[in-house]
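> Sequence and computational prediction follow.
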Amino acid sequence: MPAGTHLSLDISTLYLVATLAAASLGVMLLFFWRQEKIAALGWWGAAYILGAASVALWTVGGAELGWELSLAVNAVGFVACGLVWDAARAFHGRPASWIGVIAGPALWIAAVVLLDPIDPEIRMMLGAGIVAVYAALTAGELWRERRKSLRARWPAIVVPMMHGVVLMLPIVLGDMFRSGGATSMGQVWVAAFAAELVLYAVGTVFIIFMLVSERAVSVHKTAASVDPLTGLLNRRGFSEATSRMIEREAKAGRPVTVMIFDIDHFKSVNDRFGHAAGDDVLQVFANVVEASLRMTDLVGRVGGEEFAALLPCSIEEALLAAERVREAFETSGVAIDDAPLETTVSIGVAGGPANTELEVLMASADTALYQAKRGGRNRVEAAMEQPLSLENARRNQIQSGSPQPDNAISNRAPAEALA
């Protein structure tokens, strides 16, 4: 049997394997989409099904498909590539780009129709270029999430890029394709593409599940560190995040400052209007704090109505920021049953040199907060001296008569002691 026949048979077999793999994986992705309600899995599943159908029709029908049907089959394949790109967008919460999905197929149809009869080599290079662009867009979409610490991110970027490189070979090596050995070179490229298509179909699904798995782990980890009511860090998350910030600022020799916020008379809000109204007040305050501080500042809800913040700055700057929070909350305009509610907050501020421990800063800030409460509430008070050790900070608390916390972040808000 001629060598060319062997090559043709092997290529057909590879395309058949790729088709079956893509179809099976597409069905599996759609199943998990129905189970897990993850939109990206639905997009990926639909892309695999359409891609498998396109490759199957092209492999089985070949030249017998006719001009119009061949044009439609290739367009469906390009739509599948666009859906893979949209799946990457959906995975990161971005809206679908239907214009982008249909742009490739539209370009293909326009070129084939307007340039009819089109040179087979140009036709092949145009198709390879369109799919390569979609592969690059997919990799670029995943690269947009480079700020995320997902271990699967690098293979998720590299695999589409490698797929695009294979598809770009007819363009990069265009002179060789147009030479006397164009037919043999074309066969080599088609064989390489067929083999790569199998690896791409299977490998991409494994990467998808790696991404989804790590996203699930990340979501659960975030849930364990975030207060569900306010969206701020909870006690655990605040403690972990501030430890990292203090260590980073210590290496740079920069000071840090802690604020402790306590909403005044919060217990009376719950008693008079119910816990739903109290939750609304907490959410308003959380929004006020986030809007008043910088993105680099860490804020957490560390107790019932007690919040804390760690700022990588001097105490002078922090006092200005604390005053902004106090004024913004006082004028937040909270109303219950159309009746305005007085909303004020007392704030204690304590700063320290580089590498001051969080426990020391929190204890000193708690002392300053108590002074703000004794001074009439709705005010900002700073610690009188820089804390040097936890023992000194606690000694100052005892001397001022403020309640001593059981640990670094007090479970009991000072408002309860003064209510």
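Sure, I can see it.
> right, and residue 104 touches residue 136 too?
No: with contacts counted by CB atoms under 8 Å, residue 104 stays clear of residue 136, the gap being 12.0 Å. For the C-beta atoms, the positions are set from N, CA and C on the backbone; glycine is no exception.
> Tell me which of the two has more neighbours.
Per other CB atoms under 10 Å, whichever of residue 104 and residue 136 has more neighbours is residue 104, with 24 against 18.
> wouldn't residue 336 be in contact with residue 273 here?
Yes: here residue 336 reaches residue 273: they are 5.2 Å apart, a contact under CB under 8 Å.
> tell me which element residue 132 falls in.
With secondary structure defined by DSSP states H and E, residue 132 is part of helix 120-143.
> What residues sit buried inside that helix?
Residues of helix 120-143 classed as buried by neighbour count (16 or more other CB atoms under 10 Å): 121-139, 141-142.
> name the helices or strands packed onto it?
Judged by 3 or more CB pairs under 8 Å, 6 or more residues apart in numbering; DSSP states H and E, helix 120-143 is in contact with helix 67-91, helix 98-114, helix 153-172, helix 174-177, helix 182-225.
> And those helices, which one averages the lowest pLDDT?
Here those differ in mean pLDDT, and the lowest is helix 174-177 at a mean of 48.
> Flag the shaky bits of the stretch 301-419 of the chain, pLDDT-wise.
The model of the stretch 301-419 of the chain has pLDDT under 70 over residues 385-419.
> all strands for it, in order.
Under the criterion DSSP state E, counting those that start in this stretch, strands of the stretch 301-419 of the chain are mapped to 306-311, 335-336, 339-340, 345-352, 380-382.
> Let me know the average pLDDT across the helix holding residue 132.
Here the average pLDDT along helix 120-143 is 79.
> what angle do that helix and helix 98-114 make?
Helix 120-143 and helix 98-114 are oriented at 170 degrees to each other (axes from the mean of the first three to the mean of the last three CA atoms, to 10 degrees).
> My guess is residue 250 contacts residue 354. True?
Yes: with contact defined as CB under 8 Å, residue 250 and residue 354 form a contacting pair (4.6 Å).
> Tell me if residue 260 really is in a strand.
Yes: under DSSP: H, G, I helix; E, B strand; the rest coil, residue 260 sits within a strand.
> Now do it against residue 268, distance only.
20 Å (CB to CB, to the nearest Å).
> Same check on residue 256?
For residue 256, the distance to residue 268 (CB to CB) stands at 34 Å.
> who's more crowded, those two?
residue 256 (27 against 12).
> Not counting sequence-adjacent ones, nearest residue to residue 250?
Residue nearest to residue 250 in three dimensions, not counting chain neighbours: residue 355, with 3.8 Å by CB to CB, 6 or more residues apart in numbering.
> Now that neighbour. Its backbone dihedrals?
Taking degrees, to the nearest 10, you get phi 70, psi 20 for the backbone angles of residue 355.
> In this structure it contacts residue 243, no?
No: Residue 355 lies out of contact with residue 243 (CB under 8 Å); the separation is 11.6 Å.
> wait, doesn't residue 258 sit right on residue 309?
Yes: using CB under 8 Å, residue 258 makes contact with residue 309 at a distance of 7.1 Å.
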